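Participant: Okay, predicted coordinates and the sequence, questions at the end:
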Amino acid sequence: MSGQTHRVEVTLETLLESVDLAEDITMRVADAAGFDEEQRYRIGMSVREGVINAYQYGNQAERDRKIVLTLELTPEKLVIRVLDQGPGFSLADVPDPLAEENLLKTSGRGLFLMKAFMDEFAVNPGPAGGAELVMAKRYPAGPGGAQPAK
Amino acid sequence: MSGQTHRVEVTLETLLESVDLAEDITMRVADAAGFDEEQRYRIGMSVREGVINAYQYGNQAERDRKIVLTLELTPEKLVIRVLDQGPGFSLADVPDPLAEENLLKTSGRGLFLMKAFMDEFAVNPGPAGGAELVMAKRYPAGPGGAQPAK
Amino acid sequence: MSFKATARDIGDATVMDLSGRITLGEGSAMLREMIKELVGKGRKHIVLNLGDVTYIDSSGIGELVSGFQTVRTSGGQLKLLHLTKKVHDLLQITKLFTVFDVYSDESVALASFTS
Amino acid sequence: MSFKATARDIGDATVMDLSGRITLGEGSAMLREMIKELVGKGRKHIVLNLGDVTYIDSSGIGELVSGFQTVRTSGGQLKLLHLTKKVHDLLQITKLFTVFDVYSDESVALASFTS
Ligand SMILES: Nc1ncnc2c1ncn2[C@@H]1O[C@H](COP(=O)(O)OP(=O)(O)O)[C@@H](O)[C@H]1O
Ligand SMILES: Nc1ncnc2c1ncn2[C@@H]1O[C@H](COP(=O)(O)OP(=O)(O)O)[C@@H](O)[C@H]1O
């Protein structure tokens, strides 16, 4: 309850259904923030990919581990965090899916899409272990695209 | 991260837009919990009425005060809390809208609808002041109506 | 899905075709103003066609009651037409179903006015 | 909105009309199985009509690549038809647009097969 305005924190079980729920709630919050359809799609997809990874690689499909999705409408951007209870990882260790030798791989594009679709993207160690994705999208500029925060 | 499974906590600014956002997120979570259209409508309406009251009577339309909506999928029911930063109130002081002399009043039906639409309903003092509504709806029984929690 | 209202005059009566949501944020204030305006113009027989109203909250119920009173105070009558199941149930549990005159046929509603 | 697929044989070729979402939870696994089945039946010229596909995530992209490889390994060819703007953009930024043969006209796609 510091400076931010809307803050949505969603604690999810490690289930495939959690992916859709996380995406839907994100799209709804992005709508409230004034993002247009195309931007909502990109933000929603980024959360989807982040939660799928938290499910698969972080929590390794162990249902009782939690995934915490946090959406914060700060004054100038929507900041999204996806925290898991897994081993953590470093972006530097992830192969570039655009490299010639990876182009025909059937996986490895999730983090790339999140980076492409959001304005800011980082992977940090979680406060109590696990990986925490932090991504942000600035509010659309111009009339009609104002964010609800002051 | 105790025993519950999904837990959604939404901190809202005291704005009219927050009402729709709260209702939409609730409907989405109720959907994930397996409630049918009619039950989702009742749960959504109850949250709507609760957040409108938190906005009007609790936080008295002072934008910087917060409304905290919490949705918890416990093993046998969806438990919803709406907390405001207002003066608090007691259900015993609220007139019965079904009483003959109140039937043609233009207000006073919000709490009545929450009680009618939910299985459990109570008003408590908030942990740090304010009013906290606590309401619950049991999961639908039978095949196809199972809740996602164990 | 947002609130819309159009008024049709049929002889002495006015039918208001409402659609969408009548809630605190959306249709409530607009409905109130429209009814006041009709009454101000001397219309006394008003039918609210709720057939396409998808959602009413307690604020919307309040506006129906308020419209009912406004019209009655001016010596007129307000009738409801075409309740969806949701709106019917709401009026039932709030005991307003018996307060309002409710019709499922427009011509019957129009014929019901006594002046 | 959920994934649907139907296959039409046109001469030597099979057109798979896909619609809905191709994501980890929904169409991905189904698409993979259907392509495997076609290849197992000896079909070598496959067109994926993506005109009604509303959404593809990274898992769906992976399945397109996987299908492409499966068909190629069996000596056949897989072509894409009718990309929506969203799918077009996804293939563009992942540099797969140049890897796939993409068409906007079914008869042109069918005529493009070389056996
Ligand atoms: N939450 C996570 N915890 C641990 N490792 C992860 C996590 N997210 C991603 N990774 C690692 O990064 C790799 C690349 O992920 P991504 O780009 O999403 O592609 P894909 O999921 O298709 O492999 C994964 O294969 C995994 O090794
Ligand atoms: N969050 C709240 N804080 C303080 N008072 C409240 C709150 N919610 C309801 N009340 C009190 O209860 C009364 C009845 O509320 P309600 O049944 O929702 O009807 P209405 O909002 O139409 O008056 C309100 O008029 C108000 O006095």
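Facilitator: Done, it's in. Ligands and ions are numbered 1, 2, ... in the order given.

Participant: all strands for chain C, in order.
Facilitator: C:4-10, C:13-22, C:45-56, C:77-81, C:101-103 (DSSP state E).

Participant: Next, format the ones you listed as CSV and append mean neighbour count, mean pLDDT and distance to residue B:50.
Facilitator: Backbone N, C-alpha and C define where each C-beta goes, glycine included. Formatted as CSV, the strands of chain C follow (neighbours: other Cβ atoms under 10 Å in any protein chain shown; pLDDT from 0 to 100; distance: least, Cβ to Cβ, whole Å):
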stretch, mean neighbour count, mean pLDDT, distance to residue B:50
strand C:4-10, 14, 95, 27
strand C:13-22, 21, 96, 18
strand C:45-56, 22, 97, 16
strand C:77-81, 22, 97, 27
strand C:101-103, 17, 97, 29
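
Participant: Let's have those in CSV, adding distance to ligand 2.
Facilitator: Below are those laid out as CSV (distance: least, Cβ to the nearest ligand atom, whole Å):
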stretch, distance to ligand 2
strand C:4-10, 22
strand C:13-22, 14
strand C:45-56, 13
strand C:77-81, 20
strand C:101-103, 22
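
Participant: Would you reformat the ones you listed as a markdown table and include distance to residue D:112?
Facilitator: Formatted as a markdown table, those follow (distance: least, Cβ to Cβ, whole Å):
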| stretch | distance to residue D:112 |
| --- | --- |
| strand C:4-10 | 50 |
| strand C:13-22 | 50 |
| strand C:45-56 | 49 |
| strand C:77-81 | 60 |
| strand C:101-103 | 64 |
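
Participant: Out of these, which is closest to residue D:39?
Facilitator: Among the strands of chain C, the nearest to residue D:39 by Cβ to Cβ is strand C:45-56 (48.4 Å).

Participant: Distance-wise, check the residue nearest the centre of chain C relative to chain D.
Facilitator: In chain C, the centroid-proximal residue (Cα atoms, centre = their mean) is residue C:48; its distance is 3.2 Å. For residue C:48, the distance to chain D equals 35 Å [Cβ to the nearest Cβ, to the nearest Å].

Participant: my guess is that residue meets residue C:80, correct?
Facilitator: Yes. Using Cβ atoms under 8 Å, residue C:48 is in contact with residue C:80, at 5.4 Å.

Participant: Mind listing the shared neighbours of those two?
Facilitator: Listed as contacting both residue C:48 and residue C:80 by Cβ atoms under 8 Å, 6 or more residues apart in numbering or on different chains are residue C:64.

Participant: tell me which parts of chain A are close to chain B?
Facilitator: Contact residues (Cβ under 8 Å from any Cβ of the partner chain) of chain A with chain B: A:1, A:4-13, A:15, A:17-18, A:20-21, A:24-25, A:28-29, A:32, A:66, A:148-149.

Participant: In contact with the residue in chain A that chain C sits nearest to, which residues?
Facilitator: Of all residues in chain A, the one sitting closest to chain C is residue A:32 (12.9 Å; Cβ to the nearest Cβ). Applying Cβ under 8 Å, 6+ apart, we find residue A:32 in contact with A:6, A:73, A:148, B:17, B:20-21.

Participant: Report the two of those separated the most.
Facilitator: Greatest spacing in the contacts of residue A:32, by Cβ to Cβ: A:73 and B:20 (14.7 Å).

Participant: For the two, indicate the residue with more neighbours.
Facilitator: The neighbour comparison of residue A:73 against residue B:20 (other Cβ atoms under 10 Å in any protein chain shown) goes to residue A:73, with 25 against 18.

Participant: how near is the more buried one to ligand 2?
Facilitator: Note on residue A:73: its distance to ligand 2, by Cβ to the nearest ligand atom, to the nearest Å, is 23 Å.

Participant: Would you agree that residue is in contact with residue A:33?
Facilitator: Yes. Using Cβ under 8 Å, residue A:73 makes contact with residue A:33 at a distance of 5.5 Å.

Participant: Please name the bridge partners of the residue nearest to residue A:115 when sequence neighbours are not counted.
Facilitator: Nearest residue to residue A:115 in three dimensions, chain neighbours excluded: residue A:121, at 4.7 Å (Cβ to Cβ, 6 or more residues apart in numbering or on different chains). Residues in a beta bridge with residue A:121, per DSSP bridges, are residue A:135.

Participant: residues contacting residue A:121?
Facilitator: The contact partners of residue A:121, by Cβ under 8 Å, 6+ apart, come to A:114-115, A:133-136.

Participant: Most neighbours of all these, which one?
Facilitator: The most crowded member of the contacts of residue A:121, judged by other Cβ under 10 Å, is residue A:133 (27 neighbours).

Participant: show me what contacts that residue?
Facilitator: Residues in contact with residue A:133 (Cβ under 8 Å, 6+ apart) are A:50, A:53-54, A:80-83, A:114, A:121-123.

Participant: Looking at these, which are in strands?
Facilitator: Using DSSP E, the subset of the contacts of residue A:133 located in strands is A:80-83, A:121-123.

Participant: List only buried entries from the residues you listed.
Facilitator: Those of the ones in strands among the contacts of residue A:133 that meet the buried threshold are A:80-83, A:121, A:123, by 16 or more other Cβ atoms under 10 Å in any protein chain shown.

Participant: tell me the centre residue of chain A?
Facilitator: residue A:47 (3.5 Å).

Participant: and it, which of the three is it?
Facilitator: For residue A:47, the assignment made with DSSP: H, G, I helix; E, B strand; the rest coil gives helix.

Participant: Give the closest residue to it in space, chain neighbours not counted.
Facilitator: The shortest distance from residue A:47 to any non-neighbouring residue, by Cβ to Cβ, 6+ apart, is to residue A:26 (4.4 Å).

Participant: where exactly do the strands run in chain A?
Facilitator: According to DSSP E, the strands that chain A contains are A:7-13, A:66-73, A:77-83, A:120-125, A:131-138.

Participant: Out of those strands, the one nearest ligand 1 is which?
Facilitator: Closest approach to ligand 1 among these is made by strand A:131-138 (4.2 Å; Cβ to the nearest ligand atom).
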